[in-house]
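Trainee: model the structure of this input:
(one chain, ligands or ions: 1)
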Amino acid sequence: MSDRILILHGPNLNLLGQREPEVYGRQTLADINGSISLLAEELGVKVDTYQSNHEGNLIDRIHAAKNDGFAGIIINPGGLTHTSVALRDAISSIDPPVIEAHLSNIHAREEFRQQSYVAGVVIGQVSGFGAMSYHLALRGLISHLL
Ligand code: CA2
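Mentor: You can find the predicted model right below:
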């Protein structure tokens, strides 16, 4: 079993730390990726991180995940969470398990954010813990893979 985990960040997550700190916190995406890498080292796995504002790029990375040697994926699909059948289909088409992570609690926000198109095809969802959502997702994914 590979010890590599792919972390995918969707549209607008490159803007973290610059606007809406009351919703998404003050950490930048680089800060969050750094904290995930530190935890990964502690837990004995390797992470690759990738952010894109383009749905197709995320789908291409999901399709290639197994061939690229990843045992599993953690994805924050950003706004695509609430719109993308294509992303859901990509996740359900691959073998490596996927966990959905959100900084904010999408279930406590606007009605349109309370639906996730990907929730039904992932092994679990972590929502509302800021950067720690990724950390909890990493622990959950590792324990699922063991
Ligand atoms: O809570 C999350 O992690 C979200 O996936 C973040 C998305 C949002 O569309 C989802 O409903 C929940 C937004 C990504 C970041 O958007 C920013 C907007 C302004 C400033 C910084 C980031």
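
Trainee: so which helix or strand of this structure has the lowest pLDDT on average?
Mentor: In the chain, the helix or strand scored least confidently by mean pLDDT, DSSP states H and E is helix 21-24, which has a mean of 84.

Trainee: quick check: buried residues in it?
Mentor: Buried residues in helix 21-24, counting neighbours by 16 or more other CB atoms under 10 Å, are found at Tyr24. Bear in mind the C-beta positions are built from the backbone N, C-alpha and C, glycine included.

Trainee: before we move on, what about stretch 83-101?
Mentor: 84, 87-88, 90-91, 94, 96-101.

Trainee: what do you get for stretch 125-138?
Mentor: Neighbour-count burial for stretch 125-138 flags 125-127, 129, 131, 133-138 (criterion: 16+ other CB under 10 Å).

Trainee: pull the CA atoms of it into PDB?
Mentor: Output of stretch 125-138 as PDB, limited to C-alpha atoms (Å, rounded to 0.1, in the frame of the first residue of the first chain):
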ATOM      1  CA  GLN A 125     -17.000  14.500   5.400                       C
ATOM      2  CA  VAL A 126     -15.300  16.900   7.900                       C
ATOM      3  CA  SER A 127     -16.800  20.400   8.000                       C
ATOM      4  CA  GLY A 128     -16.400  23.400  10.300                       C
ATOM      5  CA  PHE A 129     -13.000  23.000  12.000                       C
ATOM      6  CA  GLY A 130     -10.900  25.400   9.900                       C
ATOM      7  CA  ALA A 131      -7.500  23.900   9.000                       C
ATOM      8  CA  MET A 132      -8.200  21.200  11.500                       C
ATOM      9  CA  SER A 133     -10.800  19.700   9.100                       C
ATOM     10  CA  TYR A 134      -7.900  18.600   6.900                       C
ATOM     11  CA  HIS A 135      -6.000  17.200   9.900                       C
ATOM     12  CA  LEU A 136      -9.100  15.200  11.000                       C
ATOM     13  CA  ALA A 137      -9.600  14.100   7.500                       C
ATOM     14  CA  LEU A 138      -6.000  12.900   7.300                       C
END
